[in-house]
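S.K.: compute the structure for the input listed below.
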Amino acid sequence: MQLRVEQLHAHLTQTLAPLYCVQGNEILLVQEAADAIRQAAKERGYRQRDLHLIDNHFNWRTLTDSSLNSSLFAEQRLIELRIPSGKPGTEGASTLQEWCKQPPPDTVTLILLPKPERATRNAKWFTALTNAAVTLEIASMTREHLPRWIAERLTRQQQQADRAALQWMTDKTEGNLLATQQEILKLGLLYPTGKLTLEQIQAALLNVARYDLFQLTDALLEKQLTRAIHILRSLREEGEASTLILWGITRELRQLHQLADIPTAQRRQAMFALGIRDKRQTVVEHALRRLRTAQLTTALHLAARIDRCIKGLENDDPWLMMEQLIITLCADPTTP
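M.R.: Just a heads-up that it's a prediction; the model follows:
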């Protein structure tokens, strides 16, 4: 069954298939589709998630053992296979063909692939997969369609912009959907609902203080407590919006929390998929070695409280609470 991305929500509200395949090179759109499937599975009781990142050294016996455990203990689970190369190899191709013939009971399987090449489309395993699975083939975003895509994303947060502003955003982000989405979310934090002017959008995207924000998050990852507090206080004195700062910190927290569940040997590929490149991978890896999942969970709960304070739903000072958040992230795991 072939689905378009815009049909996915309606499909998931009605049913949940045992097998999904999401294909494409647009990391953001693939990730959003996968998130929707994961959430639908979780809401239907598939609370355990087994993630397998497939490379040349992957042991396919791990997957069959996972299927066997599911059958023995009748535990609903989501099995996710990420195949960044798009090539499962000989053993993997054979395993996938058998998997498609008889998916394990009490299991939802989610397979993530890049845009398939012609040779891949002709492969027997790929034909078996697309015949058995609910398949979403996500096309790459063309520059011509990007202004409309930006407009639709702004509408979701009850904002609008004219054609000139949309084209300016398209030119500025150079078609990078991850970067464009981050800027759209930032506009939602900085400005109220309604019509945005070109001047407002330019001020938000060209604001050089965002580089200080990146310095703040880097200081957090590198456990530089004094430097992080100093940058935070400087940003406050310069009049930077607390919503923007919290957004930057929370984005890092969510990525770290997601990566913490991935085996160490597979993290580099996972970081690449999240847009974490080059030297920053080393910084993130060092942060993951010292931060515990419990620490990250506590920090995310604190970030949610800070958000409520910013919105006036709680009475604490959000700036002081952000300092507390920084202290939490820079503390040793054993610190009470």
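
S.K.: all contacts plus neighbour counts: C-alpha atoms, from now on.
M.R.: OK.

S.K.: just checking, Ala41 touches Leu16?
M.R.: Yes. Ala41 lies in contact with Leu16 (CA atoms under 8 Å); the separation is 7.2 Å.

S.K.: what about the strands in the stretch 101-250 of the chain?
M.R.: Ranges of strands in the stretch 101-250 of the chain, per DSSP state E, counting those that start in this stretch, are 107-113, 134-138, 159-161, 194-196.

S.K.: circling back: neighbour count: Ala41 and Leu16, which is higher?
M.R.: The residue with more neighbours, out of Ala41 and Leu16, is Ala41; 25 against 15, by other CA atoms under 10 Å.

S.K.: show me the contacts for the more buried one.
M.R.: Leu16, Arg47, Leu78, Val108 (CA atoms under 8 Å, 6 or more residues apart in numbering).

S.K.: next up, phi/psi of it, please.
M.R.: The phi/psi pair for Ala41 (degrees, to the nearest 10) reads phi -70, psi -40.

S.K.: just send the strands of the stretch 101-250 of the chain back as TSV, with mean pLDDT too.
M.R.: What follows is the strands of the stretch 101-250 of the chain, written out as TSV (pLDDT from 0 to 100):
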stretch	mean pLDDT
strand 107-113	94
strand 134-138	94
strand 159-161	95
strand 194-196	94
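
S.K.: follow-up on the earlier one: ok, of the contacts of Ala41, which one's closest to Ile37?
M.R.: Ile37 lies nearest to Leu16 out of the contacts of Ala41, by CA to CA, at 8.4 Å.

S.K.: contacting residues for that closest one?
M.R.: Leu16 touches Ala40, Ala41, counting by CA under 8 Å, 6+ apart.

S.K.: Gly312 and Pro318, how far apart?
M.R.: The spacing between Gly312 and Pro318, counted by CA to CA, to the nearest Å, is 10 Å.

S.K.: so those two - more neighbours on which side?
M.R.: Pro318 (22 against 12).

S.K.: tell me which helix or strand the nearest residue to that one once chain neighbours are set aside sits in.
M.R.: Nearest non-adjacent residue to Pro318, counting by CA to CA, 6 or more residues apart in numbering: Ile306, 5.3 Å away. Secondary structure assigned from DSSP states H and E places Ile306 in helix 293-310.

S.K.: who does that helix touch, helix- and strand-wise?
M.R.: The elements that helix 293-310 packs onto, with contact taken as 3 or more CA pairs under 8 Å, 6 or more residues apart in numbering; DSSP states H and E, are helix 242-260, helix 318-330.

S.K.: please work out which residues outside that helix touch it.
M.R.: Contacts of helix 293-310 (CA under 8 Å, 6+ apart): 242-243, 246, 250, 253-254, 256-257, 260, 314-318, 321-322, 325, 328-329, 333.

S.K.: could I get the average pLDDT for it?
M.R.: Averaging pLDDT along helix 293-310 gives 90.

S.K.: figure out how far it is from the centre of its chain.
M.R.: Between the centre of helix 293-310 and the centre of its chain there are 18 Å (CA atoms, centre = their mean, to the nearest Å).

S.K.: and the angle from it to helix 318-330?
M.R.: Orientation check (axes from the mean of the first three to the mean of the last three CA atoms, to 10 degrees): helix 293-310 against helix 318-330 gives 170 degrees.
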